[in-house]
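S.K.: next come a sequence and a model predicted from it.
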Protein chains: 2
Amino acid sequence: FLILLYKPSSLSPPLCLSQDPYFPSICLPYIFPPCISRGLSLSVSLRPISLSPPSRSPSNSLSLSLSRSLIVSIRAEKGGSPSLNTHTLWMFFKVRFELRNWFHKSTLIVPRRGSVAMLQVNCVTFPLPGEGPEQQLLKPNDWSYCDYFWADKKDPQGGACMPGFEILLQKQLKGKQMQKEMSEFVHERIKIEEEYAKNLSKLSLSPLAAQEEGTVGEAWIQLKKSLHDEAEVHLKFSNKLHSEVEKPMLTFRSDHFKKDLKKYDHHIADLRKQLASRYAGVEKARKALADRQKDLEVKTQQLEVKLSNKTEEDIKKARRKSTQAGDDLMRSLDLYNQTQSKWFEEMVTTSMELEKLEVDRIEWIQQHLRQYTTLRHETDMFNQSTIENVDQLLRAVDPAKDRDLWVKEHKTGDVRPIDLDI
Amino acid sequence: FLILLYKPSSLSPPLCLSQDPYFPSICLPYIFPPCISRGLSLSVSLRPISLSPPSRSPSNSLSLSLSRSLIVSIRAEKGGSPSLNTHTLWMFFKVRFELRNWFHKSTLIVPRRGSVAMLQVNCVTFPLPGEGPEQQLLKPNDWSYCDYFWADKKDPQGGACMPGFEILLQKQLKGKQMQKEMSEFVHERIKIEEEYAKNLSKLSLSPLAAQEEGTVGEAWIQLKKSLHDEAEVHLKFSNKLHSEVEKPMLTFRSDHFKKDLKKYDHHIADLRKQLASRYAGVEKARKALADRQKDLEVKTQQLEVKLSNKTEEDIKKARRKSTQAGDDLMRSLDLYNQTQSKWFEEMVTTSMELEKLEVDRIEWIQQHLRQYTTLRHETDMFNQSTIENVDQLLRAVDPAKDRDLWVKEHKTGDVRPIDLDI
């Protein structure tokens, strides 16, 4: 195995990452080695990363470094003997990388000839870009959930890695929260409308200028009444806001919904755990095989030194054990791949389902916010009509008519005085 | 003089007014005597009253009694002698009437032949209806103030009589009060609008659902912003209400106006006082004449009994004094009539002025209440437009676009897992 370890002193000066205490080492999502020179140093070039980092700023800083060629010193562990190489035909690079808060443990798997180079991240195996057959998106041009959440994401605040699926679930929970908050907002609006209506209604009952008479008096009474009508309009608005916007927003996707999400969550998480344990199984089987192979190699060397019956018997036994270890590895590989298949399937199905839920949510919110604007429009229109009667009576205001009415009621006598005559 | 005194016992039974302690006697605004039979009883018929009573209900009850012929017993005071009749040619009926709270003291003046019968009420002399040349209204078909407030009005709650002019002044003061109250009403409305705007504005800054993303997020931000716009609309409404309705209403006709009314009031009241004192002068002169005439009559009778120089001299002296008293009466009559003319003139001029003021007031109120409705209409229209941007963004809501944006930002990796291969 070759363990690639980053040494700060070997960075090219322009990056100077070693001088920042927060960058104890540099993250390399994966390294594609154009040529591997066995020894203590290795020239590698970084290529654009397909597993994007979780947040934008580390991504940018990483892109900067990617544009440069880095000389990284490597410590080569004792490689396999030629016989080991020909026997197993695989090499293992363990790449450990850390960049600020972004953290990944992954394994670069250099394939046997004719096979695909792959990278193991959190017990999931991905092809290296440019390696193997080109992957077409499951739903091209659609930015579907099922295509973009295969990798895990490191929480930028440190802590554990978050599966891509978890991000989809969080989106759903956030959507639910948003909808609840919109409902609260509408509730506040309702309270404002109710208060406004209450005040208008109260004012409409005010006795102010109630003694105004005639056509002006009538117009004034209507004007006061119009405040009551306005109040009714706003009360109707608030009632409809409650029944047609606030309440549906609050009750859409009940607590049952959160339970459903939990179920999805547990189901996918269980598969990931299973995947990890199966991967551990593969690692264990691989180590066992390596041990067996080493044992076989040792015994083969011993055979070269001194030929004995017992040794030949040992070699046979060791070769059998090695073959068995190879079979065990193939079995655990098979188990691992079955589980990964199952996980893959569930990821696709469930993320499509979540995607559908999100479309529903957005359309549902759109529909209810449009209901809000419709009610607002209605309110303005109804409000217009509250003033129509007032306008009509104001047009009918007639000082002459008012004088007629008032004089008829209050006149004291139309007989004019005449000269006193005795 | 004939003093008409009502005796309860002589009422026709259907009226039974005598049985009500509140009706110690019946009011007769004036009595038109078709034939006067000298003696202790007189048949009179009541006719509709031109001096309408101050409040409606007594008027109605009076109308009831007017439809009947009443036999009223009269006590005839010793009438004037034939010579007195030929000398002065007038008869005096003092009619005292009281009806519940309605009270008038008036004098029916039966004219000398060829002259007009008249009624003196509160020192103003009116023609009897049907007597003298028909009076045309000064402004026919106009219900003008100058035609209908000649008589005084008894306060229905008892107390003093109120000149018709006082009613016109009270109308003005009430108009001013109404206008002030309308202004207060508008002020209350302003406060409601300000409160509403404050609440809307505050809510528009709420962080609720601020984390909503994509096109829904944009529509939501606009929806919240629209509340701020609405608040602005209502604030503008309240500001304009203040400057274009409340303030003009409050300041229209300042306190100066009340002083002007006081001036009118004093001027007319002074003329009425003068009229009363002049009328008293007439009464005094008339009494002096009557005394002189009685004295002359006594002396003439004495002459018939015993003829003496001294008596003849006395008669001459008494006749001279009587003639002088007649001249005095004519002079005070003249003074009275001059004052009544002046009062008449001022009544016409001032009431026309008040009439004009009332027309102005009504048109002015009409104009400012129309301004109120205009502002209300504007508010509704501006309100409509606050929601237009929200509508536009809601139409643009697109779940697919939102997914694109969100996936682009949050995706973890589009490389799908592949089978592990060793």
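M.R.: Now that the structure is in, tell me what you want to look at.
S.K.: list the buried residues for stretch A:237-253?
M.R.: A:237-238, A:240-242, A:244-246, A:248-250, A:252-253 (16 or more other Cβ atoms under 10 Å in any protein chain shown). For every residue, glycine as well, the C-beta is placed using N, CA and C.
S.K.: which of those sits closest to chain B?
M.R.: Chain B has its nearest neighbour among these in A:Met249, at 9.9 Å by Cβ to the nearest Cβ.
S.K.: I'd say A:Arg278 and A:Tyr336 touch.
M.R.: Yes - A:Arg278 is within contact range of A:Tyr336, at 4.0 Å (criterion: Cβ atoms under 8 Å).
S.K.: what's the burial count for A:Asp270?
M.R.: Look at A:Asp270: counted by other Cβ atoms under 10 Å in any protein chain shown, it has 12 neighbours.
S.K.: indicate the residue of the stretch 151-300 of chain A located nearest to chain B.
M.R.: Counting by Cβ to the nearest Cβ, the stretch 151-300 of chain A gets nearest chain B through A:Ala151, at 3.0 Å.
S.K.: nearest spatial neighbour of that residue, chain-adjacent residues omitted?
M.R.: Using Cβ to Cβ, 6 or more residues apart in numbering or on different chains and skipping residues adjacent in sequence, the residue nearest A:Ala151 is B:Gly413, 3.0 Å away.
S.K.: quick one, which of A:Arg278 and A:Tyr336 is more surrounded?
M.R.: More crowded of A:Arg278 and A:Tyr336, by other Cβ under 10 Å: A:Tyr336, with 25 against 21.
S.K.: residues contacting the more buried one?
M.R.: A:Tyr336 makes contact with A:Leu275, A:Arg278, A:Tyr279, A:Gly281, A:Val282, B:Leu420, according to Cβ atoms under 8 Å, 6 or more residues apart in numbering or on different chains.
S.K.: what number of residues lie near the residue in the stretch 301-422 of chain A positioned nearest to chain B?
M.R.: Closest contact between the stretch 301-422 of chain A and chain B, by Cβ to the nearest Cβ, is at A:Gly413 (2.9 Å). When neighbours are defined as other Cβ under 10 Å, A:Gly413 has 21 of them.
S.K.: go on, A:Val305?
M.R.: For A:Val305, the neighbour count with other Cβ under 10 Å is 8.
S.K.: so the helix or strand encompassing A:Asp147, near chain B or not?
M.R.: Element membership of A:Asp147 [criterion: DSSP states H and E] is helix A:145-148. Yes - judged by Cβ under 8 Å from any Cβ of the partner chain, helix A:145-148 comes into contact with chain B through A:Tyr145, A:Asp147, A:Tyr148.
S.K.: any idea how far the last one is from A:Thr125?
M.R.: Counting by Cβ to Cβ, to the nearest Å, the gap between A:Tyr148 and A:Thr125 amounts to 18 Å.
S.K.: what's the answer for the first one, then?
M.R.: From A:Tyr145 over to A:Thr125 the distance is 21 Å, taken as Cβ to Cβ.
S.K.: more crowded one of those two?
M.R.: The neighbour comparison of A:Tyr145 against A:Thr125 (other Cβ under 10 Å) goes to A:Tyr145, with 28 against 23.
S.K.: skipping its backbone neighbours, what lies nearest that one in space?
M.R.: A:Ser351 (3.9 Å).
S.K.: what sits against that neighbour?
M.R.: Contacts of A:Ser351 (Cβ under 8 Å, 6+ apart): A:Ser144, A:Tyr145, A:Cys146, A:Phe149, A:Phe165, A:Leu168.
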